[in-house]
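Visitor: structure of the sequence below:
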Amino acid sequence: MDLAWTETQSLLRDTLRGFLEAEVPFSQVRACEIEKRPDTALWNQLVQHGYLGLPFPAAIGGGDGGMIEAGILVDEVARRAAVVPVVEVLTSAITLHRHCEGSSELVGRVLDGSAIIVPAVLEAGDSFDAFELAVDADGNLRGDKRFVDYAEMATHHLVTARGPDGPGLYLVDAADPAVKCEPLATLGRTPQSLVRYDGAAGQRVGDADAVAALVRFGRALTCAQILACMEVSLEQTVAYTNVREQFGRPLAAFQAVQHHAANMAMHNESSRFLTYEVLDAIERGDATDEQVATVKASLSRAVSEVVMTGHQLHGGQGYIEENDLYFFTIRGRDRALAWGTAEECLEIVARNVEEGARWL
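Guide: Predicted coordinates:
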């Protein structure tokens, strides 16, 4: 991958950053957290401006981009700690578009805002490979899904289940009375639910390959969320240590502080390379599940060190929620657990550890 973005990609990043900084003050994010609700106003703006269509072809209302453009969108939205289901909806829509036949109309509805589709994958066994939710001969789903992000905001759930034709993806109308959502408290303070499907009607839209693709896309785009949290934590820490004085000197003038900041920067830069490299590899069709898991494991480990070092260098300022630093600490650590923890991802890598290494 060429690490230098194209002029269009750089312009996209700058445009998104300016738009989101103007439209999403942190006071608005705090209100969403307190009221335990998504930011529907921002979501409607993202739809109206066509940002959700970035990785889709123009023929269905998209922007003719790919996974890199999707990553830029996720990265910039996460830099504002916005409470919107960008990763969840993009993951679902990209899976439907690329791996599920006859889904163009449905993806078009996502892009025009009339449908919000989120994945429902994990169960009590906490495994992306093994799920027991069953679909009977009539296409009705029975079972639970855990940790479903933005389940109550969604119009549809994209559910992994086992039906008469084997494992696959099933589209379920969230308004079905047989779908019950139980809100959960989360580390990241974003909406999440335990969802019970008690005979909910489901439409099979994808096979086992589509299930694997869903996990692959979700895992890779979550890396962009984590990266954003690390980036902002470093930026805020550098800004603070340059103005906070101790013994008549800025904290940034002390060598120990510089070493910590340098370590944070190295984690950030390596994570940025890995994130966009794996997104590019997915776009080329070259990425394996092991490679995606390797990147997710690396970022899931790095984010905790980066954000906690940021708190350490902030001192007492880092322990109050009036300081915006906490947004990126709780979001980053929450996303480090999503779509596979570092340990879970390393287990995937270990399955083929004896095979020769291949660079992305």
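Visitor: which residues touch Arg219?
Guide: Contacts here follow Cβ atoms under 8 Å, 6 or more residues apart in numbering; on that basis Arg219 touches 292-293, 296, 339-340, 345. To be clear about C-beta, it is placed using only N, CA and C from the backbone, and glycine gets the same treatment.
Visitor: and with 10 Å instead?
Guide: By Cβ atoms under 10 Å, 6 or more residues apart in numbering, the contact set of Arg219 is 91, 128, 278, 282, 289, 292-293, 295-297, 338-340, 345, 348.
Visitor: for Glu245, what are phi and psi?
Guide: Backbone torsions of Glu245, given as degrees, to the nearest 10, read phi -100, psi 150.
Visitor: count the neighbours of it for me.
Guide: Residues within reach of Glu245, counting by other Cβ atoms under 10 Å, total 12.
Visitor: so which pair among the contacts of Arg219 is furthest apart in space?
Guide: Thr91 and Ala297 (18.7 Å; Cβ to Cβ).
Visitor: those two: which is more packed in?
Guide: In terms of neighbours (other Cβ under 10 Å), Thr91 is the more surrounded of Thr91 and Ala297; the figures are 30 against 22.
Visitor: pull out the buried residues from the lengthiest helix in the chain.
Guide: In terms of residue count, the longest helix belonging to the chain (DSSP state H) is helix 208-243. Residues 210-234, 236-238, 240-241 are the ones in helix 208-243 that count as buried (16 or more other Cβ atoms under 10 Å).
Visitor: cool, stretch 315-322 as well?
Guide: Buried residues in stretch 315-322 (16+ other Cβ under 10 Å): Gly318.
Visitor: and the end-to-end length of it?
Guide: 14 Å (Cα to Cα, to the nearest Å).
Visitor: wait, Ala130 touches Pro167, no?
Guide: Yes: between Ala130 and Pro167 there is a contact under Cβ atoms under 10 Å: 9.5 Å.
Visitor: of the two, give the one with the bigger neighbour count.
Guide: Pro167 (20 against 10).
Visitor: list the contacts of the more buried one.
Guide: Pro167 touches 129-131, 133, 135, 160-161, 206-212, counting by Cβ under 10 Å, 6+ apart.
Visitor: beta partners for it?
Guide: Arg162 (DSSP bridges).
Visitor: same thing with the one 4 residues further on?
Guide: Counting by DSSP bridges, Leu171 forms beta bridges with Leu158, Gln203.
Visitor: that one: how many residues sit nearby?
Guide: Residues contacting Leu171 under the criterion other Cβ under 10 Å number 21.
Visitor: I figured Ala336 hits Ser271, correct?
Guide: No: the criterion here is Cβ under 10 Å, and Ala336 misses it with Ser271 at 11.6 Å.
Visitor: for Ser270, list the residues it contacts.
Guide: Per Cβ under 10 Å, 6+ apart, neighbours of Ser270: 298-299, 302.
Visitor: list the contacts of the residue most central in space within the chain.
Guide: Nearest to the mean C-alpha position of the chain, counting by Cα atoms, centre = their mean, stands Thr222 at 3.1 Å. Neighbouring residues of Thr222 by Cβ under 10 Å, 6+ apart: 74, 78, 87-88, 91, 275, 296, 299-300, 335-340.
Visitor: next, find the distance separating it from His97.
Guide: To His97, Thr222 is 19 Å away according to Cβ to Cβ, to the nearest Å.
Visitor: check Ala201 too.
Guide: 23 Å.
Visitor: looking at Ala336 and Ser271, which has the bigger crowd around it?
Guide: Taking other Cβ under 10 Å, Ala336 and Ser271 do not tie; Ala336 has more neighbours (27 against 23).
Visitor: okay, and Ala293 sits in which element?
Guide: helix 289-314 (DSSP states H and E).
Visitor: got the buried residues for that helix?
Guide: Buried residues in helix 289-314, counted by 16+ other Cβ under 10 Å: 289-303, 306-307, 309-311, 313-314.
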